[in-house]
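> The sequence and its predicted three-dimensional model are supplied below.
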Amino acid sequence: MIVIQPSYFGPISQFAVMSKYAEVGLEVCDNYQKQTYRNRCYIYGANGKLMLNIPIIHQKDGYRQLTKNIKIEPAFNWKTQHLKSIQTAYQTSPFFEFYEDDFLAFFEKDYTHLLDVNISGIKLISDLLGLEITFSETSAYKPVIELKKDYRFLANAKTEQPFTFETYTQMFDDKYGYIPNLSILDLLFMEGPNALNYLENQVTEI
């Protein structure tokens with residue numbers, strides 16, 4: 001069993017690790033941290049690497065908040081913006097039409113908390129990839145996790161990833177070259193059913 005930090009359509013590294021395990025624990029008891037994939041993902045846009053960011057309500061007094069208590073800022077129409085960005089980037093990709101309805105349904109749902117978005121996205125992607133995983137949630141935060149592999153650090157967007165990724169064809173790689181470890185969305189729309197085979201063949205042992 002492993003433990004990961006639920007991320008917004010997380011990076012390929014997270015799903016490469018998840019593809020090796022039948023049980024995945026989701027960390028829901030930690031403090032929220034900035035500069036992570038908790039509320040952002042990166043796709044391949046027409047101008048290169050593009051960040052999609054979910055706006056959140058920040059604590060005004062400066063105290064840390066638990067990730068599970070983080071609420072989405074309702075003043076921004078992020079769902080419409082993100083869906084449009086994804087459609088613009090991948091509408092001509094090999095498998096976008098195959099999965100489009102699933103993502104239309106995802107962005108039509110109402111979300112109040114960031115964690116709900118992330119867990120819903122993880123389960124959607126897992127289903128589309130054909131991953132047979134049993135998910136559970138942590139009951140308390142533990143800095144050191146015993147008897148389980150701790151991959152929570154993969155949610156840190158500023159940390160260099162410990163994997164060497166095989167290349168695959170990307171939408172705009174003829175202009176900007178290959179960009180590794182983008183959101184799982186990039187791999188899914190470009191590789192379709194072969195995405196799972198790609199994930200299972202990545203070097204995931206640390």
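Thanks, I have the structure now.

> where exactly do the strands run in the protein?
2-4, 23-26, 40-45, 48-53, 134-137, 149-150 (DSSP state E).

> Redo those strands as CSV? Include mean neighbour count and distance to residue 100.
(C-beta placed from N, C-alpha, C; glycine too.) Shown next, in CSV, are the strands of the chain (neighbours: other Cβ atoms under 10 Å; distance: least, Cβ to Cβ, whole Å):
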stretch, mean neighbour count, distance to residue 100
strand 2-4, 21, 27
strand 23-26, 18, 26
strand 40-45, 22, 15
strand 48-53, 15, 17
strand 134-137, 12, 25
strand 149-150, 17, 34
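
> would a markdown table of those strands with distance to residue 198 be doable?
Output for those, formatted as a markdown table (distance: least, Cβ to Cβ, whole Å):
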| stretch | distance to residue 198 |
| --- | --- |
| strand 2-4 | 19 |
| strand 23-26 | 19 |
| strand 40-45 | 16 |
| strand 48-53 | 20 |
| strand 134-137 | 22 |
| strand 149-150 | 21 |
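
> As a markdown table, those with mean pLDDT would be great.
Shown next, in a markdown table, are the strands of the chain (pLDDT from 0 to 100):
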| stretch | mean pLDDT |
| --- | --- |
| strand 2-4 | 95 |
| strand 23-26 | 96 |
| strand 40-45 | 98 |
| strand 48-53 | 97 |
| strand 134-137 | 96 |
| strand 149-150 | 92 |
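
> Which of these sits closest to residue 14?
Of all those, it is strand 2-4 that lies closest to residue 14, at 5.7 Å by Cβ to Cβ.

> looking at the strands of the chain, which is closest to residue 15?
Closest to residue 15 of those is strand 2-4 (Cβ to Cβ; 9.4 Å).

> neighbouring contacts of the closest one?
With Cβ atoms under 8 Å, 6 or more residues apart in numbering as the test, strand 2-4 has contacts from 10, 14, 17-18, 21, 23-27, 138, 145, 148-152, 154-155.

> make it 10 Å
Applying Cβ atoms under 10 Å, 6 or more residues apart in numbering, the contact partners of strand 2-4 are 10, 13-15, 17-18, 20-21, 23-27, 122, 135-136, 138, 142, 145, 148-155, 204.
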